[in-house]
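K.L.:
mind looking at a prediction? Sequence and model below.
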Amino acid sequence: MTNFISVKNEFKTYGTGTHAVTANEDISFEIKQGELTIILGASGAGKSTLLNVLGGMDKLTSGSVNVNGTELADLNSRELTTYRRKKIGFVFQFYNLVQNLTTVENVELASEIADNAMNAAEALTAVGLESRLQNFPAQLSGGEQQRAAIARAIAKNPDLLLADEPTGALDYKTGKKILQLFQDFTHKYHKNVIIVTHNSMIRPMANHVIEIADGQVKSDTRNDAPTPVEQLEW
Ligand SMILES: Nc1ncnc2c1ncn2[C@@H]1O[C@H](COP(=O)(O)OP(=O)(O)OP(=O)(O)O)[C@@H](O)[C@H]1O
């Protein structure tokens, strides 16, 4: 299989001089097309930094990050914005929905900036929210809000879906259903999903697990037979 992402000697340093923090220090790995990847590590390990670089929210300091043929180190900030808007779907821990827009309007907002967007109602149906289109975020449970956030991300029909601790604010059962959605999305559309988490118990669900510690890759393992999320217990 071809490589979808190739990261070579990536560094990310925040600040300068005595205040400099090197959050990613010489990171290299490759991700193949269609993989569900988990980036695992303790708090402060540099996981979110790496995700933000991959998603074009932050510029790498040095090295090379190639996502589906786009070399992110070569993009200026305007080009990075276009990349982020058109190619990447994001899911955050705290959903980040716009509170005064309905569920369907939140999804439409994202699909408007993408080129091959999915219909908003269709994306919401894919995550089981077809009966909640006209509700506001405050009228939804945490799990439903995260489903809406996932619908918003997949409606862009992105090359790459990035999720930063997507179940961090949810109870066990609801979190499991959300992880199931990511696994289904990868298999159904043969797309790439990267989930950042500190929860090592979910690693069997992934095709690929990259462990980060102190800003560096500690282990990089592949799993040819991922466990369906419904069979996982933690
Ligand atoms: N914008 C920033 N400015 C300065 N330092 C930062 C910035 N973002 C992250 N850092 C630092 O970089 C290091 C890695 O942070 P990062 O958020 O990537 O870790 P993480 O593994 O995602 O942790 P967590 O799971 O707690 O979110 C930390 O020391 C953090 O303080």
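P.N.:
Thanks, I have it. Residues are numbered from 1 along each chain as shown.

K.L.:
burial measure for residue 13, as a count.
P.N.:
For residue 13, the neighbour count with other C-beta atoms under 10 Å is 16. Every C-beta, even on glycine, is put in place using the N, C-alpha and C of the backbone.

K.L.:
and what of residue 174?
P.N.:
17.

K.L.:
and the nearest residue to it once chain neighbours are set aside, how far is that from the ligand?
P.N.:
Leaving aside its sequence neighbours, residue 174 sits nearest to residue 143 (C-beta to C-beta, 6 or more residues apart in numbering; 3.6 Å). Using C-beta to the nearest ligand atom, to the nearest Å, residue 143 is found at 21 Å from the ligand.

K.L.:
can you count the residues close to residue 143?
P.N.:
By the criterion of other C-beta under 10 Å, residue 143 has 19 neighbours.

K.L.:
export the helix or strand where it lies as CSV, just CAs?
P.N.:
Per DSSP states H and E, residue 143 falls inside helix 142-155. Taking Å, rounded to 0.1, in the frame of the first residue of the first chain, the C-alpha atoms of helix 142-155 are listed here in CSV:
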residue,chain,number,x,y,z
GLY,A,142,-22.6,15.2,25.2
GLY,A,143,-22.5,12.1,23.0
GLU,A,144,-24.9,13.7,20.6
GLN,A,145,-22.9,16.9,20.4
GLN,A,146,-19.8,14.8,19.6
ARG,A,147,-21.8,13.0,16.9
ALA,A,148,-22.7,16.4,15.5
ALA,A,149,-19.0,17.4,15.6
ILE,A,150,-18.1,14.2,13.8
ALA,A,151,-20.8,14.8,11.2
ARG,A,152,-19.4,18.3,10.7
ALA,A,153,-15.9,16.9,10.1
ILE,A,154,-17.0,14.1,7.7
ALA,A,155,-19.4,16.4,5.8
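
K.L.:
residues from the protein in reach of the ligand?
P.N.:
Within the chain, the positions lying close to the ligand (C-beta under 6 Å from any ligand atom) are 14-15, 21, 23, 41, 43-49, 198.

K.L.:
those: which two are farthest apart?
P.N.:
Greatest spacing in these, by C-beta to C-beta: 15 and 198 (24.3 Å).

K.L.:
what about this protein, any weak spots by pLDDT?
P.N.:
Across the chain, the ranges flagged by pLDDT under 70 are 1.

K.L.:
at the geometric centre of this structure, which residue do we find?
P.N.:
Among the residues of the chain, the one closest to the centroid is residue 162, at 1.1 Å (C-alpha atoms, centre = their mean).

K.L.:
what about the strands in this protein?
P.N.:
Under the criterion DSSP state E, the chain contains strands at 3-14, 21-32, 36-40, 62-67, 70-71, 88-91, 160-164, 192-197, 208-213, 216-222.

K.L.:
got the CA positions of the first one in CSV?
P.N.:
The C-alpha trace of strand 3-14 is given here as CSV (Å, rounded to 0.1, in the frame of the first residue of the first chain):
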residue,chain,number,x,y,z
ASN,A,3,2.1,6.0,2.0
PHE,A,4,-0.6,8.5,2.7
ILE,A,5,1.5,10.5,5.3
SER,A,6,5.2,10.7,5.5
VAL,A,7,6.8,12.5,8.5
LYS,A,8,10.6,12.9,8.4
ASN,A,9,12.7,14.4,11.1
GLU,A,10,9.9,16.8,12.2
PHE,A,11,10.7,19.3,14.9
LYS,A,12,8.3,21.8,16.5
THR,A,13,9.7,24.4,18.9
TYR,A,14,7.6,27.0,20.7
